[in-house]
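Participant: return a 3D structure for these sequence lines:
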Amino acid sequence: MRVTHVAYVLSAVLVASAVPVAQVGRGWSDWLAPYADAQRTSWLRTDPNISVESMSQPGFALQWTSPLVSAPVAPLTQGVTASGVTLFVPTSIVASGSNRLHMVDNDTGHVVWSRAFDGASPAGASGCAGGIPAAPTRIVSGAAEPTPAARTTAPPGRGNQPGYRSLVGEPGQGIPVEGRGGGAARGAAAPPPAAPPPGAAAQRGAPGGGGDQGPAQTAGIPGAPNVGRGGLGRAMVAYVVSGDGRLHVVGLQSGKDLQRPAPFLPAGSRWSSPVAVATMMYTATSGNCGGAPNGVFAIDLDAPDKPVVSYRTNGGSVVGAVAFSSDGNTLLAAIGPGAVTAEGKANAIVALDPKTLKLRDWFTQSTSEFVTGPTVFRHGTKDIVAAATKDGRVMLLDAASLGGANHSTPLLVSRPVVATGGFIAAEALATWARSVAATSTAPTQAMRWVLVPVSGRPSDAPATNGPISSGGVVALRVVESGGTFSLEPAWTSNDLTTPSTPVVVNGVVFALSTGRASTGDQAGSSAVLYAYEGVSGKPLWSSGKSMTTSASPASYWSALSQVYVGANDGTLYAFGFVDERR
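Facilitator: Numbering: from 1, shown residues only. The predicted structure follows:
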């Protein structure tokens with residue numbers, strides 16, 4: 001293990017110690033897991049600076065660039081929020097395919113530390129990446145947050161932001177950390193004495209944190225030593241799997257392992273973006289890379305011997321990332337095509353017990369080849385699972401009974417979202433909603449959209465921002481009438497080249513055109529980031545020519561009032577509003 005520390009850490013601590021606590025928090029928009037939360041919505045529900053109102057005015061722009069990876073260049077992953085590590089300086093943790101992990105100051109782009117993992121990292125075979133193919137993660141709540149009401153947001157500026165937050169919180173929100181003397185943070189209400197920290201499991205073995213499914217768990221962060229009441233409580237950690245398949249519990253202050261690395265996956269595996277809920281971390285393997293069977297794997301973060309359980313598909317590869325039901329009590333995975341043996345599954349969505357990974361339920365159709373992982377949302381009284389198929393359709397399933405009595409009946413199969421010759425361009429959908437206040441004639445209800453990135457020309461969709469030929473984002477409105485669902489095209493983005501999974505922040509939809517790498521006979525194109533009003537698709541902002549090369553679709557996320565894009569040359573770009581540290 002090699003960790004490179006930068007002298008900047010000391011100066012950051014000295015500067016931060018002189019800054020009033022109430023000024024250093026960036027807001028309620030932590031990104032603690034890939035695709036934002038356990039339901040894989042790519043949606044940050046609130047943010048103190050980013051809103052439709054603020055994005056309609058000048059000020060949002062490129063803030064910094066940081067070259068994280070030099071030759072040989074390796075793709076970056078999504079980052080996860082790690083604010084409060086160097087005395088409340090907001091930071092992010094980003095991995096790269098070169099088997100490295102980086103901590104970056106979100107305000108300046110300075111690399112606080114960079115770590116190269118020891119151990120074998122086999123070169124990937126065809127279709128197998130080698131190195132670290134997926135992002136790190138933090139602990140998140142298994143249960144989904146409520147849908148926020150429509151609201152306006154104060155203009156950008158650090159004076160409008162709440163105080164610092166902990167590193168363990170509900171997905172999409174930050175929480176005040178424990179005060180330095182053991183009390184509540186300055187300006188923050190103290191939590192109820194008996195309540196565990198948000199994001200920590202209330203019951204061992206109960207990812208949703210509720211019910212009476214086991215003995216009470218001692219509150220804390222799995223794998224993190226207690227640093228005492230005089231410090232900041234539990235040591236701050238992230239979880240990452242290195243190229244040799246071992247789990248690392250990494251201390252965020254130093255980048256060093258806080259425990260002995262634990263065997264988790266076969267070396268050289270290709271695994272999906274992980275998620276950590278309660279005391280377990282989950283990921284899925286595909287392509288038989290490194291000899292790993294196609295399936296879902298989970299490791300107990302809290303047990304000293306770190307036991308691993310798995311579910312083997314005995315059929316197709318798992319597609320995209322696994323997700324949780326909105327109550328946090330069911331794990332869901334999409335499975336692509338493949339030869340089936342021993343009651344295996346292909347072209348299916350499966351529901352698994354989150355503790356044992358035993359099969360609970362499934363949906364399957366031989367003609368439904370899934371190309372995205374599940375995205376989960378609550379609509380009315382139903383928990384809905386959304387996933388896209390190779391023929392360009394979006395399928396909705398009832399999480400309570402995925403395929404009905406015959407395991408093959410969906411709630412809805414949409415019309416093709418993309419015209420003939422096109423395809424779904426990313427491994428995940430996105431979704432967001434807004435509550436509409438009750439009136440004298442109508443109860444409170446939620447307006448819900450599913451965002452679909454497509455390559456090629458959209459089918460049966462309005463040309464909201466001009467004709468699309470290369471690709472774009474299609475916003476579908478979820479409509480339910482008498483228990484029957486439909487997906488109605490609402491708006492489309494600009495013409496985009498290989499769009500990534502959109503990111504939604506406080507009603508603003510960010511869409512990334514990743515561009516095209518240069519080839520011997522064809523010039524490349526640079527990445528461009530766009531922002532839209534989420535209800536109508538009205539364009540709000542564009543990054544223009546800020547980025548000078550194409551981007552990696554998997555290294556795009558938002559947190560702490562900024563949006564981050566990882567370019568294919570190893571450079572990380574940060575877009576946001578100016579604050580006093582830049």
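Participant: all the helices of the stretch 1-150 of the chain, in order from the start?
Facilitator: 8-17, 21-24, 52-55 (DSSP state H, counting those that start in this stretch).
Participant: can you flag the weakest of those helices by average pLDDT?
Facilitator: When the helices of the stretch 1-150 of the chain are compared by mean pLDDT, helix 21-24 comes last with a mean of 31.
Participant: quick check: end-to-end length of stretch 559-570?
Facilitator: For stretch 559-570, the first-to-last residue distance is 20 Å (C-alpha to C-alpha, to the nearest Å).
Participant: quick check: Arg393 touching Gly422?
Facilitator: No - Arg393 is not in contact with Gly422 according to C-beta atoms under 8 Å; the separation is 11.9 Å. No exception for glycine: its C-beta is placed from N, CA and C like everyone else's.
Participant: in this structure, what spans have low per-residue confidence?
Facilitator: Low-confidence segments of the chain, defined by pLDDT under 70: 1-28, 71-72, 84-88, 119-127, 129-130, 150-221, 223-235, 437-445, 580-582.
Participant: around Leu447, how many other residues sit close by?
Facilitator: One correction, residue 447 is Met, not Leu. For Met447, the count of nearby residues is 17 (other C-beta atoms under 10 Å).
Participant: actually Leu331, not the one I wrote
Facilitator: 29.
Participant: now do the phi/psi pair for Pro90.
Facilitator: Dihedral pair for Pro90: phi -70, psi 130, per degrees, to the nearest 10.
Participant: verify the stated contact: it with Asn106.
Facilitator: Yes - checked against C-beta under 8 Å, the pair Pro90 and Asn106 is within contact range at 4.3 Å.
Participant: for Leu411, give me its contacts.
Facilitator: Taking C-beta atoms under 8 Å, 6 or more residues apart in numbering, we find Leu411 in contact with Lys382, Ile384, Leu396, Leu397, Asp398, Phe485.
Participant: picking that back up, list residues touching both of Arg393 and Gly422?
Facilitator: With C-beta under 8 Å, 6+ apart, Arg393 and Gly422 have no common neighbours.
Participant: what is the nearest of the contacts of Leu411 to Gly404?
Facilitator: Checking the contacts of Leu411 against Gly404 with C-beta to C-beta, the nearest one is Asp398 at 7.9 Å.
Participant: any figure for the gap between the closest one and Thr381?
Facilitator: Counting by C-beta to C-beta, to the nearest Å, the gap from Asp398 to Thr381 is 10 Å.
Participant: need the contacts of Leu411 in TSV (columns: secondary structure and distance to Ser513).
Facilitator: Output for those, formatted as TSV (DSSP: H, G, I helix; E, B strand; the rest coil; distance: C-beta to C-beta, whole Å):
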residue	secondary structure	distance to Ser513
Lys382	strand	34
Ile384	strand	28
Leu396	strand	27
Leu397	strand	30
Asp398	strand	34
Phe485	strand	30
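Participant: Lys345 against Gly316, yeah?
Facilitator: Yes - assessed by C-beta under 8 Å, Lys345 is found in contact with Gly316 at 7.0 Å.
Participant: between those two, which contacts overlap?
Facilitator: Listed as contacting both Lys345 and Gly316 by C-beta under 8 Å, 6+ apart are Ile335.
Participant: hang on, the earlier thing: got a ChimeraX select line for the buried ones in the contacts of Leu411?
Facilitator: Buried residues among the contacts of Leu411 (16 or more other C-beta atoms under 10 Å), as a ChimeraX selection:
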select :382,384,396,397,398,485
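Participant: out of the contacts of Leu411, which one sits closest to Val454?
Facilitator: Among these, and counting by C-beta to C-beta, the member closest to Val454 is Leu396, at 17.6 Å.
Participant: go ahead and confirm that closest one touches Ile384.
Facilitator: Yes - in this structure, Leu396 is within contact of Ile384 by C-beta under 8 Å, at 5.5 Å.
Participant: mutual contacts of these two, please.
Facilitator: Taking C-beta under 8 Å, 6+ apart as the contact rule, the neighbours common to Leu396 and Ile384 are Leu411, Val478, Phe485.
Participant: pretty sure Ala430 sits against Pro502.
Facilitator: Yes - with contact defined as C-beta under 8 Å, Ala430 and Pro502 form a contacting pair (4.6 Å).
Participant: tell me the contacts of Ser269?
Facilitator: Applying C-beta under 8 Å, 6+ apart, we find Ser269 in contact with Gly245, Thr285, Cys289, Gly290, Ala292.
Participant: let me see the contact set for the nearest residue to Glu533 once chain neighbours are set aside.
Facilitator: Spatially, and ignoring its direct neighbours in sequence, Glu533 is nearest to Val52 (5.1 Å; C-beta to C-beta, 6 or more residues apart in numbering). Residues near Val52 by C-beta under 8 Å, 6+ apart: Asn506, Gly507, Val508, Glu533, Gly534, Leu540.
Participant: show me where the stretch 51-200 of the chain has strands.
Facilitator: Ranges of strands within the stretch 51-200 of the chain are 61-67, 76-81, 91-96, 100-105, 111-116, 139-140, based on DSSP state E, counting those that start in this stretch.
Participant: dump these into CSV; add mean neighbour count as well.
Facilitator: Rendered in CSV, the data for the strands of the stretch 51-200 of the chain read as follows (neighbours: other C-beta atoms under 10 Å):
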stretch, mean neighbour count
strand 61-67, 16
strand 76-81, 28
strand 91-96, 27
strand 100-105, 24
strand 111-116, 21
strand 139-140, 29
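Participant: now render the shared contacts of Leu396 and Ile384 as CSV, adding distance to Leu258.
Facilitator: Listed next are the shared contacts of Leu396 and Ile384 as CSV, based on distance: C-beta to C-beta, whole Å:
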residue, distance to Leu258
Leu411, 44
Val478, 43
Phe485, 46
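Participant: of those, closest to Val140?
Facilitator: Nearest to Val140 among the shared contacts of Leu396 and Ile384, with distances taken as C-beta to C-beta, is Val478, at 23.7 Å.
Participant: roughly how far does the nearest residue to that closest one once chain neighbours are set aside sit from Val508?
Facilitator: Spatial nearest neighbour of Val478, excluding adjacent residues (C-beta to C-beta, 6+ apart): Arg448 at 4.0 Å. Distance of Arg448 to Val508, given as C-beta to C-beta: 16 Å.
Participant: those two: which is more packed in?
Facilitator: With neighbours defined as other C-beta under 10 Å, Arg448 and Val508 compare such that Val508 has more, 27 against 21.
Participant: so what's that one up against?
Facilitator: Applying C-beta under 8 Å, 6+ apart, we find Val508 in contact with Ile50, Ser51, Val52, Met55, Ala531, Tyr532, Glu533, Gly534, Leu540.
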